[in-house]
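Undergrad: let me see the structure of the following:
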Amino acid sequence: MYRFKNKKMFSKIFNNLVSKVFLGIIVFSLVFSVSSFAKDISPSYSPVVPAKIVKTQPVYVPFAENVSKSNSVMTPSDQIAQTGTTPTIVTVILMDDKGTPVKGHTVEVISSSSADKVEAISSKVSDVKGRVSFRMTSSAPGPVTYIAYDLTSNVILDHKTKILYFDTPGYVFNGKASVLDYNNYSSYGSPSGAVDHLKFKDVPVVINPGEAVDFKISAYDKSEQVVTNYNGKIHFTVTSGDPTAVILPNDYLFEAKDLGEHVFSLATLFKIPGTYTLKAEDDSSPDVSAEQTFTVAAPNTPQNGAVVITSPVAGMYGNNIQSIEGTAPKGAKLKIFSNEVEIASVTADIDGKFAFTTTPLPEGAYKIYVAQVNDVGTILASSATVEITIKNSKPEISNIEILPAVEVETNTEVTVKIYPKSADVVKASIVLLDNIYDCTLVVDHFEAKFLAPQEFGDYPFSVILADKLNNESKIDNAAVLKVKGQLASPATTTIGDVSGLIARPEDKRVVLNWHAPTIAVNLIKNYRVYYGKSQTQLTDVVDTFTNATTWYIPNLENGTEYFFAVVAVDEKGNVSEHYSNIVNAVPNPIVVEPVVIDVVPPLVDMGAVGGDDIEALDKDVSKTGPDASILMLLSSLGGIGFNEFRRYQYLRKLKKNSGK
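TA: Reported below is the predicted structural model:
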C-alpha cells in the first residue's frame, strides 16, 4: 500500500511538471506568432514606387559613404537626340561634400516618360571615380527629364538632365518655338551647374616691381567644373597691401567665346615690393569671388647711409603724375633730378624717408635720380638712376587694309588688317553691324577674318584698340566695307537652301546631317560647310566630296563649342542663297571606366524611398507617357493590395491551425 501511494504521488508530480513545460511552450509560441503577426499587419510608411525604380531585396549596408545631393552631377553626351537611333549617354558622378568621388553606390536613373528606355552600361554601381553611365533611347518625340536616385545613400540628386527627342529635324527647328524653347536646352543639359566661385590661375611665381603680369580668371560651379556659359562682369580690388602701388585690370564682362575663362594680359602692375592680395568678384553677385596673394620681390638692400629710390621703379606708366619716394640718411638735404634737371629739393625725415609728387609729366622717357648735398649744394652721394616712360595717350591706327580690295562679294570671307601706330597696342577689335570680331596679332599688325554681309551696300565699321597700360580708344567709322551686288529680281531660284541641319558631337569631331534643297534646277554636286567658334564667325569652310547629306568635321577641340551652317553647290557652281539653320555642338569623348562592385543595394522594402522627390519634376510638355502622378497612384494601390492579401493569408492560416 505504501509503495502504491509513492508511485501515485510520483506520477502526479511528473504529470504536473509535464503540463507546465507544455504550457510554457504554448505561451512562447503564441508570443512569437503574435509578434510576427503584428510585424506583418502593422501600418508602415511605403512611399510611391517610381515607374523606373526596380525593387531590391532587403539588405543592410554598413558604413555607406555620404553622397552630396548638390555636388553630384549628371552629364549628358547630347542635349537633343533622334528617336529610336543612336543612344544618348548620361553619366552620373557621385561626389561627397568635399568633392571626393564616392564609389560602390547603386544608382538608378528615373525618367519622366514611359516611351524611353534606360540601360546601365556594365553596372549600376559607381566606380572608383564615382561614375555610373546609362544609355538613353526613346520611341516618341518630346522633352524628357531624368533624375538620378542613389539607392545606397537613399537620396535623389539636385542636378537633373533634360533631353529633347525628335523624330524629324522639323520637330526641333520648325514652328515649335511656342512649345519647345530649344535655345534654353543648354541650361537643362549642361554638364556644369550654376557659377559658385572664381579662381586665379597661371599666376607667375616671381614678380618684379614695375613688371606687368598675366593671369587667368576662371568661373567654377560647386563640383569644380568650368562654367562655360558664364557671362558675369568681373571687378578687381586690393584687399591687402598698398592700393596706390597697384595698377589693376579694368572691369571685364565675360563673353560666350571665353567659355568661362579669360586671360588678363599685361593688365596688372605692382610699383613697389611687398605682398598684395587681389580680389576678383562678380559685379552683381559679390559671393562669386576669388582672392590671390602676389609677392613682389624687393630690390637689393642698400648700404647704410646710401640714397635709394624705392618708387617709382623702372617701367612704363599710364599715370603722368608720379610719387618719388625713397630712403636717405636722417635729416639729409636732397635734390631730385629728372633728365639732369633739378625738379625738387627735400629733406629726409627722422626715419630717413623722403617723398615728392611731380606735376603732370608730358609723354616721354625720364631718367630720375636723387642726390644728397651739403649746405652749399655740393653733391655728397646720389642714388641709382631710375628710367621710366610716361604714356597716357590713346592708341591710334596707322593704316587699315581690306582684302579683297575695293569691293567684296556678299557672304564671302573678308580679311581686315589693322596697323597701329605704336608697338604697345596689345588688343584690337572690329565692330561691324553690332558684331565684334577680335583680331589676332600677326607680326606688325592685327588681323581678323569674317563673312561679308548677305546684302550689298556700304558698311562702315569701327575699331577698338587697347595698349599695355589699358589705355583704350574707339575709332568710329575707321573704314568702309563695300559689298557689291544688285537689286534682287523676281527670277526663278536656281538652287534652294539646305534645311534640317543637326549636329552630333563625338570625340574630337562633330557629325552633321541635313536635308537637300527642295529646289535644284541643276544637279547638286556637293555641299559647303561653314563652321567656327561663334555664330558670327563661321570662318572655316570645307567642301564635301559628294552630294551625300551627311558629313563630319574632324580634328576639333574637345570641350569647345562650335557652330555650323551648310549651303548646297550645283554642277554649274551656283550656291544656295542663304545658310541653313545654324546649329552648335561641343565635341567630347565618352569614356566608360571599369566598375568596382563592392557594395550591395540597401533596404528598399515594399517600394522605393524618395518618391516625394519625383513630384518635384518640372511639368513636361512631352506626351510620350502617362503623367507621373498616375504612375505613383497605380504603384500605391498595388502596395496596399499586396499588404491586405498577406494579412488575409496569415489570418486564414492562424484560424486553420487553431481549429486543429
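Undergrad: next, count neighbours for Asp479.
TA: Residue 479: Ala, not Asp. Neighbourhood size, Ala479 [other C-beta atoms under 10 Å]: 19. The C-beta positions use only the backbone N, C-alpha and C, and glycine is treated the same way.
Undergrad: show me what it bridges to in the sheet.
TA: When bridges are taken as DSSP bridges, the partners of Ala479 come out as Phe461.
Undergrad: quick one, helices of the chain?
TA: 2-41, 169-173, 185-189, 611-614, 628-659 (DSSP state H).
Undergrad: where among those is average confidence lowest?
TA: Set side by side, those show their lowest mean pLDDT on helix 185-189, which sits at a mean of 37.
Undergrad: quick one: low-confidence ranges for the protein?
TA: In the predicted model of the chain, residues 1-65, 77-78, 85-86, 168-193, 298-305, 485-492, 590-660 satisfy pLDDT under 70.
Undergrad: how does it divide into domains?
TA: Taking automatic domain parsing as the criterion, the chain consists of the domains 197-296, 319-390, 397-484, 499-585.
Undergrad: dump these into TSV; add distance to Asp116 as well.
TA: As requested, those are exported to TSV (distance: least, C-beta to C-beta, whole Å):
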stretch	distance to Asp116
domain 197-296	26
domain 319-390	63
domain 397-484	40
domain 499-585	18
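Undergrad: of all those domains, which one is nearest Gln82?
TA: With C-beta to C-beta, the closest approach to Gln82 among the domains of the chain belongs to domain 499-585: 7.7 Å.
Undergrad: please name whichever of the domains of the chain is nearest to Arg135.
TA: Of all those, it is domain 499-585 that lies closest to Arg135, at 14.9 Å by C-beta to C-beta.
Undergrad: burial count for the closest residue to Asp375 other than its chain neighbours?
TA: In space, and not counting its chain neighbours, Asp375 is closest to Lys333: 7.5 Å by C-beta to C-beta, 6 or more residues apart in numbering. When neighbours are counted by other C-beta under 10 Å, Lys333 registers 17.
Undergrad: how about Lys333, what does it touch?
TA: With contact set as C-beta atoms under 8 Å, 6 or more residues apart in numbering, Lys333 has these partners: Ser345, Thr347, Gln372, Val373, Asn374, Asp375.
Undergrad: give me the subset of the residues you listed lying in strands.
TA: Among those, DSSP state E puts Ser345, Thr347, Gln372, Val373 in strands.
Undergrad: I'd like to know which of those residues are buried.
TA: If you count burial by 16 or more other C-beta atoms under 10 Å, the buried members of those come out as Gln372, Val373.
Undergrad: contacts only, for Glu474.
TA: Not Glu; residue 474 is Lys. Applying C-beta under 8 Å, 6+ apart as the definition, the contact partners of Lys474 turn out to be Ser462, Val463, Ile464, Leu465.
Undergrad: again, only using 7 Å
TA: Taking C-beta atoms under 7 Å, 6 or more residues apart in numbering as the contact definition, Lys474 lies against Ser462, Ile464.
Undergrad: show me what it bridges to in the sheet.
TA: Each beta-bridge partner of Lys474 is listed here, defined by DSSP bridges: Ile464.
Undergrad: and it, how close does it get to Asn399?
TA: Distance, Lys474 to Asn399, by C-beta to C-beta, to the nearest Å: 18 Å.
Undergrad: which stretches of the stretch 351-500 of the chain form strands?
TA: 353-357, 364-373, 379-382, 386-390, 397-403, 408-409, 413-420, 425-432, 435-438, 440-442, 445-451, 457-467, 472-484, 499-506 (DSSP state E, counting those that start in this stretch).
Undergrad: turn those into JSON lines, including distance to Ala245.
TA: Shown next, in JSON lines, are the strands of the stretch 351-500 of the chain (distance: least, C-beta to C-beta, whole Å):
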{"stretch": "strand 353-357", "distance to Ala245": "13"}
{"stretch": "strand 364-373", "distance to Ala245": "17"}
{"stretch": "strand 379-382", "distance to Ala245": "24"}
{"stretch": "strand 386-390", "distance to Ala245": "14"}
{"stretch": "strand 397-403", "distance to Ala245": "33"}
{"stretch": "strand 408-409", "distance to Ala245": "50"}
{"stretch": "strand 413-420", "distance to Ala245": "29"}
{"stretch": "strand 425-432", "distance to Ala245": "22"}
{"stretch": "strand 435-438", "distance to Ala245": "31"}
{"stretch": "strand 440-442", "distance to Ala245": "30"}
{"stretch": "strand 445-451", "distance to Ala245": "32"}
{"stretch": "strand 457-467", "distance to Ala245": "21"}
{"stretch": "strand 472-484", "distance to Ala245": "23"}
{"stretch": "strand 499-506", "distance to Ala245": "48"}
